[in-house]
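Undergrad: no sequence for this one, just the structure:
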C-alpha cells in the first residue's frame, strides 16, 4: 500500500473516530455494511467515489482532504450583522449549503453554472463602480429575457441569470445577509426576520454585488446594511450603490416620474412597482435630479403602509410582508439535490439540508418518492463508479 493509500485510510479512521458514530453506524449511514467498511480500513477492499463523498458529508469534512490530506481554501465571505454571534449562526447555514454543493459535485450531480463574466471595474469611487455594474447587470438580465419586472422576480433573476443561489432563512438577531463565493458555487443567504420586506429585497441586491465583484472579506460585521459604517467601506458603498441602481433602473424611473413635481400617487405606485422603501426611492429621485432636497425629505416621510393606501395596493403590502417571513431554499441547489436523491446518488440527510428542513420532518414527505432501485444498496447501484483503491 502506497503512502497516499495509507494516508487515506488513516484519515478515514480519524474521521470516523471524530464523527461520534460507531464503525457499524457509520457504515450503515453511508450505505454499506460493517464488514465492507472494515475491509476498506484494512486495505483489502476498494472504496468508491460515492462512499467517499457520503463519508465526507456525514462527518462534515472535505472529500479532497480525505483523498489528499490537503484542506481546500476557505470560501470568500461577505457578511453584515449586528453581532459576531449572530454572524456565526448565518455562517453555519451557508456552510451547510456549501457542503451539500460539494457533495453533489463529488457524486457528479452538480454542474456548476456558467454565468456571464463580470466586467472589469474602472478604478474610482464605489458609487460609480456600483452604478456601472448595475447597468451591466440590468443589460445582461434584459438580454436574457429576464428583465427587471416585479418584486418577487428578483430571486429567480439572480439564479437564472447570474448563477447565484438565493436562500431566505430565519436568522435570529440583526443579521441582514451573507454571501459565499467559491469556484462552482455562489450563494446569498438572506434573513427572513428582517425589519421590513423592502430591506430584505435591498439586501438581496446588495449581496449580488458582493458576489459579482468576488469581494473576499472573510466575515465582515456591520451594524446594518444602511448604517453609518457602510459609508466608510469601499465595497459596502459599491454594493449599496449597485442595489439602488439595480432595483430602481434609471431609464425606468425617468420615464415614469414627472421632473421637479411632487406626485404622491405616482410615488406610491412606483414604490409598489419597484419594491423599495420610501427613503430609498426618494434618495434615488434626488440623485437623478428629479426632485429637490426639500421634496426628497417630504417624500421620505411617507411610510410604506401609507403609500400602499394612497396607491391602492394595501392587500399587496400585507402579502409582501407575509412573503418576507417565508423561508426559501436556494433554487438550483434544491433542484439538483432532489434529482440526485431520486437517482439514488445522495441520502435523505443532504436532501433535507438543501431544502433547509430537519431530516425527520422531511422524511414523511419524500421517503415514498425514492425509486425502488435505491433499495438495492449503494454498492449495487454504483458498481461502475471510479474507485480509490487502498
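TA: Okay, I see it. Quick caveat: nothing in here was measured; it's all calculated off a predicted structure. Numbers count the residues shown, from 1 in each chain.
Undergrad: Settle this for me: residue 158 is touching residue 188, isn't it.
TA: Yes. Taking contacts as Cβ atoms under 8 Å, residue 158 lies within contact range of residue 188: 7.3 Å. Quick note: C-beta positions are derived from backbone N, CA and C, even for glycine.
Undergrad: list residues touching both of these two?
TA: Common contacts of residue 158 and residue 188 (Cβ atoms under 8 Å, 6 or more residues apart in numbering): 164, 166, 204, 208.
Undergrad: Spit out the contact partners of the first one.
TA: By Cβ under 8 Å, 6+ apart, the contact list for residue 164 reads 115, 158, 186, 187, 188, 207, 208, 211.
Undergrad: now swap in the second one and tell me
TA: Taking Cβ under 8 Å, 6+ apart as the criterion, residue 166 is in contact with 155, 158, 159, 187, 188, 190, 204, 328, 330, 331.
Undergrad: how about the helices of the stretch 101-250 of the chain, start to end?
TA: 126-143, 154-162, 197-212, 234-247, 250-256 (DSSP state H, counting those that start in this stretch).
Undergrad: Give me the next element, helix or strand, following the shortest one.
TA: Past helix 250-256, heading to the C-terminal end, the next element that is a helix or strand (DSSP states H and E) is helix 264-274.
Undergrad: Quick one: list the elements packing against that following helix.
TA: The contact analysis (3 or more Cβ pairs under 8 Å, 6 or more residues apart in numbering; DSSP states H and E) places helix 264-274 against helix 250-256, helix 278-287, helix 304-311.
Undergrad: repeat that for 7 Å
TA: If you count contacts as 3 or more Cβ pairs under 7 Å, 6 or more residues apart in numbering; DSSP states H and E, helix 264-274 packs onto helix 278-287, helix 304-311.
Undergrad: Burial check on the closest residue in space to residue 159 that isn't next to it in sequence, number of neighbours?
TA: Leaving aside its chain neighbours, residue 159 sits nearest to residue 331 (4.8 Å; criterion: Cβ to Cβ, 6 or more residues apart in numbering). Look at residue 331: counted by other Cβ atoms under 10 Å, it has 17 neighbours.
Undergrad: now residue 331: how far from residue 324?
TA: Going from residue 331 to residue 324 by Cβ to Cβ, to the nearest Å gives 18 Å.
Undergrad: Likewise for residue 284?
TA: When residue 284 is compared with residue 324 (using Cβ to Cβ), they lie 21 Å apart.
Undergrad: Just the pLDDT for the residue nearest to residue 159.
TA: Reported pLDDT at residue 331 in the predicted model: 94.
Undergrad: can you check residue 110 too?
TA: 89.
Undergrad: Name the nearest residue to it, ignoring sequence neighbours.
TA: For residue 110, the spatially nearest residue (Cβ to Cβ, 6+ apart) is residue 104, at 3.5 Å.
Undergrad: Next up, the contacts around that neighbour.
TA: 110, 336, 337, 340 (Cβ atoms under 7 Å, 6 or more residues apart in numbering).
Undergrad: Looking at those residues, which are in helices?
TA: Using DSSP state H, 336, 337, 340 are the members of these that sit in helices.
Undergrad: Weed out the non-buried ones from those.
TA: 336, 337, 340 (16 or more other Cβ atoms under 10 Å).
Undergrad: and of these, the nearest to residue 37?
TA: Lowest distance from residue 37 to these (Cβ to Cβ) belongs to residue 340, with 22.6 Å.
Undergrad: what about the closest residue to residue 340 other than its chain neighbours, how many residues close to it?
TA: Once flanking residues are discounted, residue 340 sits nearest to residue 109: 3.7 Å by Cβ to Cβ, 6+ apart. Using other Cβ under 10 Å, the number of residues around residue 109 comes to 17.
Undergrad: so residue 109 makes contact with residue 338?
TA: No. Contact between residue 109 and residue 338 fails when scored by Cβ atoms under 7 Å: they sit 10.1 Å apart.
Undergrad: So residue 136 versus residue 154, what's the distance?
TA: Counting by Cβ to Cβ, the gap from residue 136 to residue 154 is 17 Å.
Undergrad: just curious, which of the contacts of residue 164 is nearest to residue 250?
TA: For the contacts of residue 164, the nearest to residue 250 is residue 208 (17.5 Å; Cβ to Cβ).
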